[in-house]
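In: Need a 3D model of the sequence below.
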Amino acid sequence: MAGMKNLKKTRRIQVIGMAGVCVAAVLLILALLPEDSFQFFRSPTEVAQTPPPPNELFRIGGLIVEGSIESDAGETVRFEVTDGGATIPVVYTGILPDLFGDGQGMVGQGRYVNGTFEAIEILARHDEAYMPKEVIDALKEQGTYIEPDA
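Out: Residues are numbered from 1 along each chain as shown. The predicted structure is shown next:
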């Protein structure tokens, strides 16, 4: 009977030790990930107040300013995004989502270089009621959010 108790105790210590090793391994992997693996969301007001360094990849979101969309003969599009507190110019080269347009919510991924957000990806809402949570929070903070049903 004493041998069985020692076996249970040994097994419990082994399981706890393995769990500790797994937790330490996960923490080590997270610590060694390159810094650009983490993408942060910023509102236009946050970008205007504290501009990030040009090498930092992040996401910006807000509403597309009415009448600000300009495109050249190619695939390059310029527009402005706002959260009601600040407006940031955006430039993007590529194909835009179908639901992209004036006054619509959008999230862009890219870098802030020389006062312009250079987007490498543009995401638009899924339907007329959808807006990313981060964009809604930023608009509510500025007091400019309007419920879709209103």
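
In: CA atoms for contacts and neighbours, from now on please.
Out: Will do.

In: just checking, Leu96 touches Gly108?
Out: No. In this structure Leu96 lies outside contact range of Gly108 using Cα atoms under 8 Å: 10.9 Å.

In: Those two: which is more packed in?
Out: Gly108 (22 against 16; other Cα atoms under 10 Å).

In: thinking again about what came up before, what is in contact with Leu96 and Gly108 at once?
Out: Ile122 (Cα atoms under 8 Å, 6 or more residues apart in numbering).

In: do you know how far Ala31 is from Ala24?
Out: Per Cα to Cα, to the nearest Å, Ala31 is found 10 Å from Ala24.

In: Equivalent analysis for Glu121, please.
Out: Distance of Glu121 to Ala24, computed by Cα to Cα: 35 Å.

In: Those two: which is more packed in?
Out: Glu121 (16 against 12).

In: ok, then the element right after the helix or strand containing that one?
Out: According to DSSP states H and E, Glu121 maps onto strand 116-124. Once strand 116-124 ends, the next helix or strand along the chain (criterion: DSSP H and E) is helix 133-142.

In: by contact count, what packs against the helix or strand of the chain with the lowest mean pLDDT?
Out: When the helices and strands of the chain are scored by mean pLDDT, DSSP states H and E, helix 133-142 comes last with a mean of 73. Contact here means 3 or more Cα pairs under 8 Å, 6 or more residues apart in numbering; DSSP states H and E; on that basis helix 133-142 packs against strand 58-64, strand 105-113.

In: tell me the mean pLDDT for the longest one?
Out: In other words, strand 105-113. Mean pLDDT, strand 105-113: 89.

In: Return the set of buried residues in it.
Out: Residues 105-112 are the ones in strand 105-113 that count as buried (16 or more other Cα atoms under 10 Å).

In: picking that back up, now distance to Gly20 too, for the helices and strands packed on helix 133-142, in a markdown table please.
Out: Converted to a markdown table, the helices and strands packed on helix 133-142 look like this (distance: least, Cα to Cα, whole Å):
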| stretch | distance to Gly20 |
| --- | --- |
| strand 58-64 | 33 |
| strand 105-113 | 36 |
